[in-house]
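Student: predicted model and sequence follow; I will ask about them next.
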Amino acid sequence: MAGDGCATLMWQIENNGPWHWEIGQTQDGLVTLMASGPNYDDHQWSRTLRDSVAVETVPVTVAVSAGDWQSAVAEMTLHRRALRDDTMTACGRGPQARHSDSLVIYNDYMNTLFGDPTAEKEIPLVDAAAQLGVDVFCIDAGWYDSADGGWWDTVGEWLPSTNRFGAEGLAGIADRIRSRGMSLGLWLEPEVVGVGSPVAEQLPDEAFFMRHGRRVSDYGRYHLDFRSPHARRHMDKVMKRLIRGLGARFFKFDYNTIPGAGTEVDSESIGEGLQGHCLAYLDWLEDVRRAYPDVTIENCGSGAMRADYAMLSRMDLQSTSDQCNPAIYAAIAAAAGLSILPEQQGNWGYAQQEMPDETAVFTLAAGIPGRLYLSGFIDRMDDERLGLVADAVRAHRAVLVEQRSMVPFWPLGLPDFQAGWHACGLQRSERVICGMSDGRRRNENRVQGYLTLWRREGSPSVDVAIPRDVWLKQVFPDPGRPRHAGNAHPWRMERVDADTIRLTVSDSTVPSARVYAMCPR
């Protein structure tokens with residue numbers, strides 16, 4: 001909330017369960033904010049206070065700035081970073097969390113295999129990903145499917161498919177991934193068990209959400225209740241088998257079910273049961289982090305659901321979307337910094353061989369300022385197109401070195417989903433720089449930030465507010481290769497006044513994008 005002469009107020013409710021907020025105004029003009037976790041009217045939550053019964057409210061963080069809304073976002077970014085650092089340190093994986101922030105991941109799902117992995121499809125992708133120098137190769141949905149695609153209501157055992165990966169099985173693919181210098185990643189949906197899974201018969205009713213004396217079923221799936229020791233033991237065994245047995249070092253935790261208002265098991269109200277499960281799930285995540293500190297976990301949540309800082313303080317990455325259209329994804333990536341740390345923004349970059357050069361640049365640019373989450377049929381690319389993807393990886397690694405000393409900013413203002421131009425950037429936080437030694441401070445000032453611009457349609461030119469003591473240096477696509485893909489139609493740059501740079505595309509017939517480093521003059 002902001003106005004002339006007023007402070008800016010930004011808030012986040014740090015709960016992975018129900019939440020509620022309201023803005024009101026009193027008769028004398030005072031604006032009020034109410035932010036909370038679950039309540040009775042909206043979430044069927046209630047709890048009777050008796051002797052020895054305590055109810056703790058969910059955490060809410062408020063950032064206040066005397067400046068504009070972007071200053072408040074910067075303050076919230078610093079808080080999110082500190083919250084995550086504190087939580088990870090308490091789980092005993094502080095240094096490992098920092099290491100996870102440097103990983104480049106390839107995932108075989110988006111606009112590629114779409115949950116239909118086989119040995120024949122994976123092996124060429126693995127070899128191509130190794131050429132790009134990525135750190136993690138993640139096999140997304142379907143690695144457990146022995147029913148030729150009919151796995152939706154049979155999941156829960158999380159055993160490798162018996163018919164998708166040839167004689168050597170998934171273990172053979174895992175060995176190939178490691179032999180190419182990468183770590184194995186796997187998709188997993190920890191909170192669900194299909195109604196047709198053997199696990200549904202093995203676990204008692206109290207391991208699941210229950211209402212009216214029956215298990216809650218949503219589209220052929222039951223929901224585990226992590227307050228139950230039966231549910232916890234089941235998933236503990238799964239994690240141990242996949243990590244110590246198969247050697248997985250990365251997980252994409254998904255969540256694609258709707259369990260409703262909650263569960264009646266051991267609860268005064270079904271909303272209390274849901275909140276209890278949510279807190280128990282956080283506790284389980286912390287146990288996993290303590291037991292396997294070198295494992296990286298992405299929070300997907302059905303393509304960016306549950307992107308709250310109860311979850312993200314315990315996770316390494318967050319999917320920002322499952323959007324397949326790169327033109328739409330630009331708007332999502334441009335706005336992601338409002339709610340997610342730059343080092344946690346898993347933005348898909350799914351270039352394909354058949355794309356025009358500028359379209360390939362456009363999709364890859366989405367991941368460079370956040371976390372480049374590669375996909376696409378990289379095994380079908382010629383040397384020129386594969387070189388463009390490799391350039392994106394190199395540019396992204398340069399950003400990763402600087403990222404934790406920077407906060408997001410938006411030189412074109414609050415992103416408009418329908419806008420023809422989108423822009424987002426990272427710039428140094430003075431509060432971080434002032435805490436450094438003089439020597440490191442000078443070194444850190446070599447690059448003051450990064451700026452990504454996407455032109456989708458409309459005007460071929462845009463004016464961007466850039467201070468007079470800063471100049472823009474293109475870092476992607478690599479300007480050192482003028483005939484390389486993405487440089488056939490260079491953007492023109494001119495300073496129109498002391499604080500404004502105008503950028504103009506030379507080909508207005510296709511969407512295009514550029515990534516710049518902000519360098520001191």
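Tutor: Okay, I see it.
Student: report how many residues lie close to the closest residue to Q448 other than its chain neighbours.
Tutor: Taking Cβ to Cβ, 6 or more residues apart in numbering as the measure, Q448 lies nearest to M518, with 4.6 Å between them; neighbours along the chain are not counted. Just so you know, the C-beta spots here come from the backbone N, C-alpha and C atoms, and that holds for glycine as well. Counted with other Cβ atoms under 10 Å, the neighbours of M518 add up to 19.
Student: what's the answer for S339, then?
Tutor: Summarising burial for S339: neighbours were counted as other Cβ under 10 Å, giving 18.
Student: pretty sure it contacts A307?
Tutor: Yes - with contact defined as Cβ atoms under 8 Å, S339 counts as touching A307 (6.2 Å).
Student: how's this structure carved up into domains?
Tutor: As given by automatic domain parsing, the domain ranges for the chain are 8-86, 411-520.
Student: just how off-centre is the last one within its chain?
Tutor: Between the mean C-alpha location of domain 411-520 and the chain-wide mean there is a distance of 23 Å, by Cα atoms, centre = their mean, to the nearest Å.
Student: how long is it from one end to the other?
Tutor: Start to finish, the residues bounding domain 411-520 are 17 Å apart (Cα to Cα, to the nearest Å).
Student: ranges for the strands of the stretch 151-300 of the chain?
Tutor: For the stretch 151-300 of the chain, applying DSSP state E, counting those that start in this stretch gives strands covering 183-188, 192-194, 210-211, 214-215, 221-223, 248-253, 296-299.
Student: by mean pLDDT, point me to the weakest helix or strand of the chain.
Tutor: For the chain, scoring each helix and strand by mean pLDDT, DSSP states H and E identifies helix 438-444 as the least confident one, at a mean of 45.
Student: mean confidence score for the following helix or strand past that helix?
Tutor: Moving toward the C-terminus from helix 438-444, the next helix or strand (DSSP states H and E) is strand 449-455. The pLDDT scores in strand 449-455 average 97.
Student: and strand 449-455, what does it pack against?
Tutor: Judged by 3 or more Cβ pairs under 8 Å, 6 or more residues apart in numbering; DSSP states H and E, strand 449-455 is in contact with helix 326-335, helix 357-365, strand 406-409, strand 421-428, strand 461-465, strand 512-520.
Student: in CSV, list those along with distance to L203 and mean pLDDT.
Tutor: Compiled in CSV, these are given as follows (distance: least, Cβ to Cβ, whole Å; pLDDT from 0 to 100):
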stretch, distance to L203, mean pLDDT
helix 326-335, 37, 96
helix 357-365, 42, 96
strand 406-409, 43, 96
strand 421-428, 45, 96
strand 461-465, 56, 95
strand 512-520, 48, 95
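Student: how about those in TSV, adding distance to E264?
Tutor: As requested, the helices and strands packed on strand 449-455 are exported to TSV (distance: least, Cβ to Cβ, whole Å):
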stretch	distance to E264
helix 326-335	38
helix 357-365	46
strand 406-409	43
strand 421-428	45
strand 461-465	55
strand 512-520	51
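Student: go through these and pick out the most buried.
Tutor: Sort the helices and strands packed on strand 449-455 by mean neighbour count, taking mean count of other Cβ atoms under 10 Å, and helix 357-365 sits at the top with a mean of 25.
Student: need the contact partners of that helix.
Tutor: 326-327, 329-330, 348-352, 355, 372, 385, 388-389, 392, 452, 454, 476-477, 485-486, 488-489, 507, 510-515 (Cβ atoms under 8 Å, 6 or more residues apart in numbering).
Student: within the sheet, what are the partner strands of the helix or strand that that helix is followed by, with directions?
Tutor: Of the helices and strands lying after helix 357-365 in sequence (DSSP H and E), the nearest is strand 371-374. Here strand 371-374 is paired, per DSSP bridges, with strand 105-107 (parallel), strand 345-349 (parallel).
Student: got those as CSV, with distance to I13 and mean neighbour count columns?
Tutor: Written out in CSV, the entries for the strands paired with strand 371-374 read as follows (distance: least, Cβ to Cβ, whole Å; neighbours: other Cβ atoms under 10 Å):
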stretch, distance to I13, mean neighbour count
strand 105-107, 29, 27
strand 345-349, 20, 27
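Student: for D140, find the nearest of those strands.
Tutor: Evaluated with Cβ to Cβ, the strands paired with strand 371-374 place strand 105-107 nearest to D140, the distance being 5.6 Å.
Student: what's the distance between the next helix or strand after that closest one and the middle of its chain?
Tutor: Of the helices and strands lying after strand 105-107 in sequence (DSSP H and E), the nearest is helix 119-132. Between the centre of helix 119-132 and the centre of its host chain there is 23 Å, according to Cα atoms, centre = their mean.
Student: tally of neighbours for T504?
Tutor: For T504, which is what you asked about, the neighbour count (other Cβ under 10 Å) is 15.
Student: hey, what's it bridged with?
Tutor: Note on T504: beta-bridge partners by DSSP bridges are S461, R492.
Student: and the nearest residue to Q345 once chain neighbours are set aside, what does it touch?
Tutor: For Q345, ignoring the flanking residues on the chain, the nearest one in space by Cβ to Cβ, 6+ apart is G370 at 3.1 Å. Taking Cβ under 8 Å, 6+ apart as the criterion, G370 is in contact with T320, A333, A336, G337, I340, P342, E343, Q344, Q345, G346, N347.
Student: again, only this time at 10 Å
Tutor: If you count contacts by Cβ atoms under 10 Å, 6 or more residues apart in numbering, G370 has them with 317-318, 320, 333, 336-337, 340-347, 396, 399-400, 403, 408, 424, 426, 452.
Student: R244 too?
Tutor: Shown in contact with R244 (Cβ under 10 Å, 6+ apart): A291, Y292.
Student: G337 versus that one, what's the distance?
Tutor: With distances taken as Cβ to Cβ, to the nearest Å, R244 is found 37 Å from G337.
Student: pLDDT score assigned to the residue nearest to Q345?
Tutor: Reading off the per-residue confidence, G370 sits at a pLDDT of 94.
Student: what about it, distance to A334?
Tutor: As it turns out, when the distance is counted by Cβ to Cβ, G370 lies 10 Å from A334.
Student: need the overlap of contacts for the two.
Tutor: Taking Cβ under 10 Å, 6+ apart as the contact criterion, the residues that touch both G370 and A334 are N347, P408, C424, T452.
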